[in-house]
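Undergrad: fold the following, please.
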Amino acid sequence: MDKLLDLYTQSVSGGLPVCLSCRGEEESFVLLAATRGRQAAMSYDNDYPDRDSRSSRGRGRRGRSKKKAGRRILLGFGLAAVVVLALGAWLAYTANTAYTNLNQARDYAQVAKAGLLEGDTRKAETSVGDAVRTSNQAKDATESLIWKAAAAIPYVGQPLDVVSQITDVVNGLTVDVLMPSVEVGTTLDPGRLRGPDGTIDIAVLRDASPALSQAAAAASVLDAESQAIEEPTFIAQVGDARAQLQDQTHELTTLLTNTDISAKVLPAMLGADGPRSYFMAFQTLSEARGTGGLVGGVSIVRAADGRISVDNMASNDELRIPYAPMDLGVDFANAYESRYQSTQNWQNSNLSPHFPYAGQIWQSMWQQETGERVDGALATDPVALGYILDVVGPITMGDGEVIDGSNVVQITQSDAYFRFDDDNTARKAYLQDIAARVVAKMQGNIGSASGLLEALGKATSEGHIAVWSADPALQAILGPTKIGHEVPESPDPYAAVVVNNGAGGKLDYYLQRKVTYTAQSCDGATRTTRVVAEITNNAPELDYTTYIAGRQNESTRYDGPPGTNRSVVALYATQGATLTNATSDGTPLFLLTAAERGHPVFYVPVVIEPGQTKTIEYNLVEPTVDGEALAPVQPQSVPASTEVEFPNCS
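TA: Next up, the predicted model:
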């Protein structure tokens, strides 16, 4: 390119010095043209003093002028082409520099995050420094006026604009998120937070809370910015970088948000301000309830100064019927109390999917039973135990039976009912023993604290762990999270399909559910939506005991071969939604109605034979709002599938 410019300069100046770098291409061209013009004028006056001579020579001079003008136009086009080529080469070089530094910054950021989780502060600090340096270089490369002008060109410049947005997010992550996180890196290393005896260093968590809140807030903003970056119109590498950044920012934001919440609530919940106690329910998913399953076993979790202990697990035989009722509002009374006595009968205490209701009921029942008023409630189930056993290793029962993450759900939710037939006392003792051994193993020295944290996080995200605090300030933080398991008091689009056992049996272990929630356009104050719930009964046709099969009394009897199940299926819809119609496998349904926390509820009993799938379709009219559409998954033995297809109305 330099040689080409030199040749061009020599050819147009005839040996005269033309400083392209001093004046710029356009100014140099004008100067050159003006110089040639003055030289031509002087030659004309000197050579042709008389009029006739001037006239006779005019046509020849005009011909030469036309040729010169043509050459000047060609030279102008040539110069413009050179400038365009130079700018293109510069843009290509700058884009390559930005992209290279961007990839390096992202890689360094990942290494820094890994160092934080591993407790390697030096590694994290070094990697963050490298991430800041390379992200600044990438940002500098994309902030020139020429880059911005090129990025503003429709279609052609769109990938450059995407690179600029990616660079801004990566730079923000390194400077505003990772650098502050390194300063409180201990709180991100569960191995250093948790001692060999299971004690949590709650003082470190409490001290780190302000910095964690700041980093989590910054990460949340940057995550929203990264998710809003449009896919590039072309250049696959830029599209790949965009997708990777979106995954990484979401993962980092989730980590920091959860750690921030932990720093805010765990010190108080784990006894930093005095001893705390919590009712823990072990839910049996083979008999479905709104929060997961029937309360199969109970215990009390105690915490003081970060040290956790668990009382001996007891069966639900320790609970009685009835307890004194409590007031949870008109809607709750109409939906659950008047028919099922949910605040008096522990068997129906968690029909609602709103976990804080169950927590308050269990607190009331335990106080009536023992006189102790607990500070909150927890719930878990065999699926969560399976995730934990995958990390801490298997347990060995007294007879040598080995139970691990691969078989604990089947053993506790299915096999045990056949093994012990109708000997409920023996079966409950067996299940209590399993749960107690898992809890004891968790309290010991765990090889991978981060692995355990990841397992608990997975169980929580799927609804297999729920927590309620009686402290309003702590509950305000916990409630909106997945571990709070709330039915939100929000106008955002919402569709929760909830199954409660309607047979009094244990066949819900075999139920599998799929929910699809779709909406039409955002135009107008309302829009049509559709919820499709596919419920499959995978139970084999076996000679079940009455305890497993259910149908023991008049209210739960129905026709069908062995393995036939009966469920009460409810849709918790968007606030303000109205039901247009509902069908089951194309046949119109008559639905009963209720309300909960501002949401309309539509429910109906459904009988499903072994191997069958019932498809319930709800057609609704909902208010058009721009919030995120939610379709929470009710915890169950078989993983559930949920699909949400909503236009972006923001």
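
Undergrad: what's around residue 146, how many residues?
TA: 11 (other Cβ atoms under 10 Å). Where you see a C-beta, it was placed from the backbone N, CA and C, and this is true even at glycine.

Undergrad: need the three-state assignment for it.
TA: When classified by DSSP: H, G, I helix; E, B strand; the rest coil, residue 146 comes out as helix.

Undergrad: how close does it get to residue 160?
TA: Going from residue 146 to residue 160 by Cβ to Cβ, to the nearest Å gives 10 Å.

Undergrad: next: residue 645.
TA: For residue 645, the distance to residue 160 - Cβ to Cβ - is 32 Å.

Undergrad: those two: which has the busier surroundings?
TA: Per other Cβ under 10 Å, whichever of residue 645 and residue 160 has more neighbours is residue 160, with 24 against 10.

Undergrad: quick one: that one is in a strand?
TA: No - membership of residue 160 in a strand is not supported by three-state DSSP, which gives helix.

Undergrad: now it, nearest residue through space, not along the chain?
TA: Using Cβ to Cβ, 6 or more residues apart in numbering and skipping residues adjacent in sequence, the residue nearest residue 160 is residue 151, 3.9 Å away.

Undergrad: share the number of residues neighbouring that neighbour, please.
TA: Residue 151, neighbours per other Cβ under 10 Å, totals 19.

Undergrad: isn't it right up against residue 161?
TA: Yes - using Cβ atoms under 8 Å, residue 151 is in contact with residue 161, at 4.2 Å.

Undergrad: measure the closest residue to residue 613 other than its chain neighbours to residue 586 for me?
TA: Closest residue in space to residue 613, ignoring its immediate chain neighbours: residue 536 at 4.3 Å, by Cβ to Cβ, 6+ apart. Counting by Cβ to Cβ, the separation of residue 536 from residue 586 is 17 Å.

Undergrad: likewise for residue 209?
TA: 55 Å.

Undergrad: ditto for residue 436
TA: Distance of residue 436 to residue 586, computed by Cβ to Cβ: 49 Å.

Undergrad: so if I had to pick from these two, which one is more boxed in?
TA: Set residue 436 next to residue 586 and count neighbours by other Cβ under 10 Å: residue 436 wins out with 17 against 7.

Undergrad: which secondary structure state is assigned to the more buried one?
TA: Per three-state DSSP, residue 436 ends up helix.

Undergrad: and it, what does it touch?
TA: 312, 313 (Cβ atoms under 8 Å, 6 or more residues apart in numbering).

Undergrad: what about residue 203, which helix or strand?
TA: Taking DSSP states H and E as the definition, one finds residue 203 inside helix 202-227.

Undergrad: now do the helix or strand that comes right after that helix against helix 202-227, angle only.
TA: Going down the chain from helix 202-227, the next helix or strand is helix 236-269, by DSSP H and E. Going by axes from the mean of the first three to the mean of the last three Cα atoms, to 10 degrees, helix 236-269 is angled at 150 degrees with respect to helix 202-227.

Undergrad: packing partners of helix 236-269?
TA: When contacts are defined as 3 or more Cβ pairs under 8 Å, 6 or more residues apart in numbering; DSSP states H and E, helix 236-269 sits against helix 51-118, helix 158-172, helix 202-227, helix 472-478.

Undergrad: which regions of the chain lie under the pLDDT threshold?
TA: Along the chain, segments meeting pLDDT under 70 span 1-88, 90-91, 186-188, 191, 444-449, 552-556, 650.

Undergrad: give me that answer again for 50
TA: 1-56 (pLDDT under 50).

Undergrad: in the helix holding residue 203, what's buried?
TA: Across helix 202-227, burial judged by 16 or more other Cβ atoms under 10 Å covers 202, 204-209, 211-220, 222-223, 225-226.

Undergrad: over to stretch 154-166?
TA: Residues of stretch 154-166 classed as buried by neighbour count (16+ other Cβ under 10 Å): 157, 158, 159, 160, 161, 162, 163, 164, 165, 166.

Undergrad: kindly report the same for stretch 269-283.
TA: Buried residues in stretch 269-283 (16+ other Cβ under 10 Å): 269, 270, 271, 272, 276, 277, 278, 279, 280, 281, 282, 283.

Undergrad: list the contacts for residue 560?
TA: By Cβ under 8 Å, 6+ apart, residue 560 lies in contact with 607, 609.

Undergrad: hmm, try it at 6 Å
TA: residue 609 (Cβ atoms under 6 Å, 6 or more residues apart in numbering).

Undergrad: check the gap between it and residue 550 for me.
TA: 11 Å.

Undergrad: and the residue nearest to residue 160, what does it touch?
TA: So residue 151 contacts 157, 160, 161 (Cβ under 6 Å, 6+ apart).

Undergrad: got the CA positions of stretch 542-553 in PDB?
TA: Only the C-alpha atoms of stretch 542-553 are listed here, as PDB (Å, rounded to 0.1, in the frame of the first residue of the first chain):
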ATOM      1  CA  LEU A 542     -49.300 -55.000  37.800                       C
ATOM      2  CA  ASP A 543     -51.200 -56.500  40.700                       C
ATOM      3  CA  TYR A 544     -50.700 -53.500  43.000                       C
ATOM      4  CA  THR A 545     -51.600 -53.600  46.700                       C
ATOM      5  CA  THR A 546     -54.500 -51.400  47.700                       C
ATOM      6  CA  TYR A 547     -52.000 -49.000  49.400                       C
ATOM      7  CA  ILE A 548     -50.200 -48.400  46.100                       C
ATOM      8  CA  ALA A 549     -53.200 -48.500  43.800                       C
ATOM      9  CA  GLY A 550     -55.500 -46.200  46.000                       C
ATOM     10  CA  ARG A 551     -59.200 -46.200  45.400                       C
ATOM     11  CA  GLN A 552     -59.800 -47.200  49.000                       C
ATOM     12  CA  ASN A 553     -63.000 -45.300  49.600                       C
END
